[in-house]
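Colleague: after the sequence you'll find the predicted model.
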Amino acid sequence: ASAVQELVSLRFYQDGEDENYLYKLSLIEELKIALESDKSPLFMNYQPKLNMNTGKIDKLEALIRWINKKGDFVNPELFIDLAEKAGLIVTLTRWVILNVIQQVEQWNKQGYYFKVSINLSAQDIQNEQFVDYLLTTVKAHSIATTQITLELTERDIVENEQLVVARLSHLKSLGFAISVDDYGIGQSSLAKLKSLPVDELKIDKTFILKLEQCQKDQDIVASTISLGHKLGMSVVAEGIENKESLILLNDFKCDYAQGYYISRPVSAEKLIEWYQTYESPL
Ligand code: C2E
Ligand code: MG
Ligand code: MG
């Protein structure tokens, strides 16, 4: 067995019985090959964030996709988790960064200007070479650092808080924007928000999916939006699946809306097709 296999099997045994563990091992081996291959079975999808002040689409979130040998889509949450456990996440994130930045450069040349966010894992932001790699890649493709937003969850931040906060401040000083993803379901602490160098707060979709049916969700979301604003942050709601929740969020003065009701995550080509005939739903 390879070192990776040993490491992973050990972890899964420690986690208790895992019936799928052979399947997971095979996915890890396949993912390693995918990350090295020239014709990669990995690709990025992009989901628009609707600017509720202007009705325009000026930001996107980049989301990774993988079609495995059997021709099936592998759930990103599953393979991101495996990549983290198998020590592949830093390589995967570099692949994402390069891919997204090349796409942003191409769009800029075609006259489409979007700010695009990239999801990070705890290991990425703690990696000593991370800032260097990101900055070098941005410069090599002559895009602006201000076009890239980095999304992290609260869990990724608290894992090694001092180091991560210092690194985020550095990234912010270079022009990158920082976003707290899945806000409200982790170890959310109001004290923490105060001290984080954060530009954007993304309210977790569990509060948004049934917003129109749930008064408590509405109260939580409305007050989180005003909290974010008081702390100088832009607030994004993710998981908008219907018009009613979009209207509520607009009433609550939410800055950005993201969800299937606006658009599902789609390929770069489809995104542009969609964008060309886009009309604001507001
Ligand atoms: P996330 O960063 O919170 O991304 C939002 C997820 O919500 C995406 O799932 C998106 O497809 C989904 N979503 C968007 N709008 C709606 C909606 O209206 N309703 C519902 N039910 N879902 C909606 P996806 O693409 O499956 O990604 C899942 C998670 O996997 C992401 O959550 C993120 O944590 C991780 N992930 C995805 N791509 C990457 C990546 O490139 N790098 C890293 N490190 N993680 C990634
Ligand atoms: Mg995200
Ligand atoms: Mg999220």
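Modeller: The structure has been received and is ready for your questions. From a predicted model like this one, the values you see are computed outputs, not experimental measurements. Ligands and ions are numbered 1, 2, ... in the order given.
Colleague: tell me the confidence at residue 21?
Modeller: On the pLDDT scale, residue 21 is placed at 83.
Colleague: kindly provide the distance from it to ligand 2.
Modeller: Relative to ligand 2, residue 21 is positioned 27 Å away (C-beta to the ion, to the nearest Å). C-beta: built from backbone N, CA, C; applies to glycine.
Colleague: please apply the same query to residue 32.
Modeller: 24 Å.
Colleague: repeat that for residue 23.
Modeller: 26 Å.
Colleague: how many neighbouring residues does that residue have?
Modeller: 11 (other C-beta atoms under 10 Å).
Colleague: so for residue 1, what's the pLDDT?
Modeller: 45.
Colleague: tell me how far residue 96 lies from ligand 1.
Modeller: Residue 96 sits 4 Å away from ligand 1, going by C-beta to the nearest ligand atom, to the nearest Å.
Colleague: secondary structure element for that residue?
Modeller: helix 89-110 (DSSP states H and E).
Colleague: do that helix and ligand 2 come into contact?
Modeller: No. Applying C-beta under 5 Å from the ion, one finds helix 89-110 out of contact with ligand 2, separated by at least 11.8 Å.
Colleague: alpha carbons of the next helix or strand after that helix, as CSV, please.
Modeller: Once the chain leaves helix 89-110, the next helix or strand it forms, by DSSP H and E, is strand 115-119. The C-alpha coordinates for strand 115-119 follow below in CSV (Å, rounded to 0.1, in the frame of the first residue of the first chain):
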residue,chain,number,x,y,z
LYS,A,115,-15.0,39.3,-9.3
VAL,A,116,-14.6,35.6,-8.7
SER,A,117,-14.4,33.8,-5.4
ILE,A,118,-12.4,30.7,-4.7
ASN,A,119,-13.1,28.3,-1.8
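Colleague: the residue nearest to residue 278 when sequence neighbours are not counted: how many residues sit nearby?
Modeller: For residue 278, ignoring the flanking residues on the chain, the nearest one in space by C-beta to C-beta, 6 or more residues apart in numbering is residue 57 at 6.3 Å. Using other C-beta under 10 Å, residue 57 is surrounded by 20 other residues.
Colleague: now do the contacts for residue 212.
Modeller: 242, 244, 245, 248 (C-beta atoms under 8 Å, 6 or more residues apart in numbering).
Colleague: tell me which element the residue lying closest to residue 93 once chain neighbours are set aside falls in.
Modeller: Residue nearest to residue 93 in three dimensions, not counting chain neighbours: residue 124, with 4.7 Å by C-beta to C-beta, 6+ apart. Using DSSP H and E, residue 124 sits within helix 122-126.
Colleague: which strands and helices sit next to that helix?
Modeller: Helix 122-126 sits against helix 89-110, strand 148-153, helix 154-158, helix 161-173, with contacts defined as 3 or more C-beta pairs under 8 Å, 6 or more residues apart in numbering; DSSP states H and E.
Colleague: pLDDT averaged over it - what is it?
Modeller: On average, helix 122-126 scores 97.
Colleague: all further residue positions should be reported with the first residue as 42.
Modeller: Sure, I'll start counting at 42 from here, so that last one is helix 163-167.
Colleague: that one: how far from the chain's middle?
Modeller: 14 Å (C-alpha atoms, centre = their mean, to the nearest Å).
Colleague: so the next helix or strand after it, near ligand 1 or not?
Modeller: From helix 163-167 onward toward the C-terminus, using DSSP H and E, the following helix or strand is helix 171-181. No. Residues of helix 171-181 are not located near ligand 1 by C-beta under 6 Å from any ligand atom, the shortest gap being 12.4 Å.
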